[in-house]
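Q: What follows is a protein structure lacking sequence information:
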Ligand code: PHE
């Protein structure tokens, strides 16, 4: 549905029903005037204030019934209209030169006459020269003013500037009504003119407006608000109640808001909490021992290489002394399977490799640490946290992303339960259909991948499986532990309909403003 419903496509009765009392009055005034200034409408419609006219007119304009034309003009007025009573200084001086000194006088003489101040004399001489009324010459170090014919003639008539002054004393004049030269001269005089910009509006009926007034309508006083008085006195029966147009356009106001990722994390947290899980956290900085070795990941596994994992140079070694008992067992698990029934990887386990420090590559390190801390059954925990991988960015990969991790270990936990938990989680996140496929992880057997059909192909959302005995036995857990780790941003893509995972973090303000806050 379009936001703005005004316009000719709106049926006339509906247009009329939504006219306010003031809008109707303005329309009626325009029926006769067709086109008028707000003041003319004010008088003709017998309204009280100009704002009533302008408010109604702008609504009518939004409804396509009138047009408001605006014209900006420059207007001039005199700062002090009494100035027309005084003679211009150049005229007064020229008159004295002619009448007292027969057309030629020195400035000294003029000063001595006592009729002019020094500054008046200076202004007057400037104008006499500019207007060509006199010539200035030097005689014996004295300035002499000699009137020209033009100067003598000018004394009997009003100049163009004086005539303009007189007109301005009567009324303000628009730029187009005055000569550019004369106004230019007046502008040069100090503190003489006021200049301002005036917007003149003309309100005109449009053809649609004309149709509406021609068809006619009732006009009754109306109220826009129901007050206790109107209700209790029964007065509401006699008044017209103003209709509201609930489809009218209004600008959207964007306040501060949470990042969509924050909200999505909040939602995931709620899903796990309501499914009976407890949240755990961990650290970004980890040892290879906890991130990989405890998870039975062979020391020559490709994921451990520099181009997949960010290793730290400072600190470059983790202190494993407080885990020495476990270190010893893990070494045996890797070398020969220890008591797990496995043959292990059958190589010589290297402690230095395990002591390397890194940015955690998955949050499976959080869950495995949780089991090691407290291996008592049952446990059902989840974590949501950032992980880091040394990989190239593309439309479905980020070098830093958030993982949604979880484990379940309780009576009866098995493969079916794992599949059910995975499906239930995605169902609650609004994704009804997922595909579960066999996969490989060094620490789970069986191992699964969860995929979703998105943009015409299957996209991996994350991995899952049941921890191998090589992982759980050294920690003292003798039952199947269901485990998974999903990508949060991959999940966000279908939820928000994004084709490119990078769009989530480019902070496009428009996108952020428009994302639903749920
Ligand atoms: N840690 C795996 C990953 O990073 C996901 C996984 C978690 C797989 C738990 C199996 C079990 O993709």
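A: Perfect, thanks for sending it. All values derive from a computational prediction rather than experimental measurement.

Q: contacts, neighbours, all on C-alpha from now
A: Noted.

Q: count of residues packed around residue 136?
A: Using other CA atoms under 10 Å, residue 136 has 18 other residues around it.

Q: That one pairs with what?
A: Beta-bridge pairing of residue 136 under DSSP bridges involves residue 145.

Q: Let me see the contact set for it.
A: By CA atoms under 8 Å, 6 or more residues apart in numbering, the contact set of residue 136 is 129, 143-146.

Q: In the stretch 51-200 of the chain, what residue comes closest to the ligand?
A: With CA to the nearest ligand atom, the shortest gap between the stretch 51-200 of the chain and the ligand falls at residue 62, namely 56.8 Å.

Q: how many neighbours does that residue have?
A: Residue 62, neighbours per other CA under 10 Å, totals 17.

Q: what's the closest non-adjacent residue to residue 483?
A: Excluding the flanking residues, the one nearest residue 483 by CA to CA, 6 or more residues apart in numbering is residue 407, at 4.3 Å.

Q: What strand or helix carries that neighbour?
A: In the assignment (DSSP states H and E), residue 407 maps to strand 400-409.

Q: what about that strand, distance to the chain center?
A: Centre-to-centre, strand 400-409 and its host chain are 34 Å apart (CA atoms, centre = their mean, to the nearest Å).

Q: And stretch 74-87, by the same measure?
A: Distance, centroid of stretch 74-87 to centroid of chain: 50 Å (CA atoms, centre = their mean).

Q: which residues does residue 383 bridge with?
A: Assessed by DSSP bridges, residue 383 has beta-bridge partners residue 405.

Q: Contacts only, for it.
A: Residue 383 touches 279-281, 363, 366-367, 403-406, counting by CA under 8 Å, 6+ apart.

Q: Next one: it from residue 375, what distance?
A: As judged by CA to CA, to the nearest Å, residue 383 and residue 375 stand 17 Å apart.

Q: Ok, residue 200 next?
A: Residue 200 is 84 Å from residue 375, where distance means CA to CA.

Q: hmm, back to that, list the buried ones in the helix or strand just after the strand holding residue 407?
A: For strand 400-409, the succeeding helix or strand toward the C-terminus, using DSSP H and E, is helix 415-428. Within helix 415-428, the residues that qualify as buried are 418-419, 422-426, counting by 16 or more other CA atoms under 10 Å.

Q: repeat for stretch 336-347
A: Neighbour-count burial for stretch 336-347, with 16+ other CA under 10 Å as criterion, is recorded at 336-338, 340, 344-345.

Q: do the same with stretch 221-229
A: Neighbour counts over stretch 221-229 (16+ other CA under 10 Å) mark 222-223 as buried.

Q: Show residues contacting that stretch.
A: By CA under 8 Å, 6+ apart, stretch 221-229 touches 20-21, 235-236, 239-243.

Q: near the ligand, which residues of this protein show up?
A: Near the ligand, the residues belonging to the chain are 362, 364, 444, 462-465, 483-485 when assessed by CA under 6 Å from any ligand atom.

Q: Would you agree residue 165 is in contact with residue 82?
A: No. Using CA atoms under 8 Å, residue 165 makes no contact with residue 82, being 10.1 Å away.

Q: which one of the two has more residues nearby?
A: Neighbours per residue, other CA under 10 Å: of residue 165 and residue 82, the larger number sits with residue 165, 22 against 10.
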